[in-house]
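Student: Structure for the following, please:
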Amino acid sequence: MTAPISQHRMKWATALPELTPGPLPVAPFVDPEFFEKERERIFKRAWLEVCREDQIPDPGDYLVVPMAVW
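Tutor: Presented below is the predicted three-dimensional model:
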């Protein structure tokens with residue numbers, strides 16, 4: 001069982017870029033320096049629970065979870 005989603009509104013610190021129909025840049029997904037920044041700035045500040053360990057039992061398995069934007 002999971003906890004209910006908070007009803008708080010998220011306030012963005014910076015303006016979000018406009019979405020374009022072109023391809024996404026690959027660099028953020030393969031750059032080790034970018035990965036380290038994500039670990040420090042996002043994942044070390046708070047837990048981000050997206051699934052249970054038994055939902056991804058084998059190495060290489062993954063789960064896509066829609067993230068709500070308040």
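Student: How far does whichever helix in the chain runs longest sit from its chain's centre?
Tutor: When the chain is parsed with DSSP state H, its longest helix is helix 32-38. Remark: helix 32-38 is offset 13 Å from the chain centroid, using CA atoms, centre = their mean, to the nearest Å.
Student: Format the CA atom coordinates belonging to that helix as PDB.
Tutor: Provided in PDB are the C-alpha atoms of helix 32-38 (Å, rounded to 0.1, in the frame of the first residue of the first chain):
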ATOM      1  CA  PRO A  32      28.800  10.900 -16.000                       C
ATOM      2  CA  GLU A  33      29.100  14.500 -14.700                       C
ATOM      3  CA  PHE A  34      25.400  15.100 -15.300                       C
ATOM      4  CA  PHE A  35      24.600  11.900 -13.400                       C
ATOM      5  CA  GLU A  36      26.600  12.900 -10.400                       C
ATOM      6  CA  LYS A  37      24.800  16.300 -10.300                       C
ATOM      7  CA  GLU A  38      21.500  14.500 -10.400                       C
END
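Student: And for that helix, what's in contact with it?
Tutor: Outside of helix 32-38, the residues within contact range by CB atoms under 8 Å, 6 or more residues apart in numbering are Ala27, Pro28. C-beta here means a position set from N, CA and C on the backbone, and glycine is covered the same way.
Student: what does stretch 50-63 give?
Tutor: The contact list for stretch 50-63 (CB under 8 Å, 6+ apart) reads Val65.
Student: Between the two ends of it, what distance do you get?
Tutor: For stretch 50-63, the first-to-last residue distance is 8 Å (CA to CA, to the nearest Å).
Student: Determine how far it lies from the middle of the whole chain.
Tutor: Centroid separation for stretch 50-63 versus its chain: 15 Å, with CA atoms, centre = their mean.
Student: repeat for stretch 37-47
Tutor: Averaging C-alpha positions (CA atoms, centre = their mean) puts stretch 37-47 10 Å from its chain's average.
Student: got it, and stretch 21-37?
Tutor: Relative to where its chain is centred, stretch 21-37 has its mean C-alpha point 13 Å off (CA atoms, centre = their mean).
Student: Average pLDDT for it, rounded please.
Tutor: Stretch 21-37 carries an average pLDDT of 87.
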